[in-house]
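Undergrad: Here is the input, now give the coordinates:
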Amino acid sequence: MNGLTEKEKMLSGALYLAFDPELFEERQIAMDLLYEFNHLHPRKAEERKQNLKKLFGSVGENCWVEQRFHCDYGYNIRVGDNFYANVGCTILDCAPVTIGDNVLLAPGVSLYTAGHPTDTVQRISGLEYAYPISIGNNVWLGGNVVVLPGVSIGDNTIIGAGSVVTKDIPANVIAVGNPCRVIKDNI
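TA: Sure, this is the predicted structure:
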């Protein structure tokens, strides 16, 4: 992948160096916005909404994120209409995170697009990778759910509290566990 910037590598799913100066600066810009967001008085609803519009790549109608919230870049996050993220949400958005309409994230939900190689030499050299996460419409992720890189979750699906989602979950199901697996249809 010669000739590509570390950001281009990151966005393409290739191994990249996260502490590249350009990427580091972009994370610092996001940290500035997050600091403002997380320290706003809870009653300053309009200011909180405006802050998220500056931070996220796109925001639908009726988007609400509770404080404390954390992300890496912000610009890779796209949320649809009627999105709600409860307290303690973390979205590591080194790759695109696309969230549909009517999605609920319970407290402590974490969406991780970033990961580290299992090869020791690559890992200690500072390389990492990032794969997109996609969450469909009408999805509810229970408390402390973790979604790992490259996972898609289908429409109308519920992921039970404490689950670790390591593989794609289809539409119209209830799935739970570590690793998360479908336990029944949700029609």
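Undergrad: same for the longest helix along the chain, what does it pack against?
TA: Longest helix in the chain, counting residues (DSSP state H): helix 21-39. Helix 21-39 sits against helix 6-12, helix 45-55, strand 69-71, with contacts defined as 3 or more C-beta pairs under 8 Å, 6 or more residues apart in numbering; DSSP states H and E. Using the backbone N, CA and C atoms, a C-beta is placed for each residue, glycine as well.
Undergrad: If we go by neighbour counts, what in the longest one is buried?
TA: Okay, so that is helix 45-55. The neighbour-count check on helix 45-55 (16 or more other C-beta atoms under 10 Å) flags 48, 51-52, 55 as buried.
Undergrad: same question, the shortest one
TA: By neighbour count, with 16+ other C-beta under 10 Å as the criterion, the buried positions of strand 69-71 are 69, 71.
Undergrad: which sections of the chain are below the confidence cut-off?
TA: 1, 187 (pLDDT under 70).
Undergrad: In stretch 25-32, which residues are buried?
TA: Of the residues in stretch 25-32, 26-27, 30 count as buried by neighbour count, 16+ other C-beta under 10 Å.
Undergrad: what helix or strand is the most centrally placed residue in the chain on?
TA: Closest to where the C-alpha atoms of the chain average out (C-alpha atoms, centre = their mean) is residue 91, at 3.2 Å. When elements are assigned from DSSP states H and E, residue 91 belongs to strand 89-92.
Undergrad: Output the contacting helices and strands for the following helix or strand past that strand.
TA: For strand 89-92, the following helix or strand on the C-terminal side (DSSP H and E) is strand 97-99. For strand 97-99, the packing partners by 3+ C-beta pairs under 8 Å, 6+ apart come out as strand 77-79, strand 133-135.
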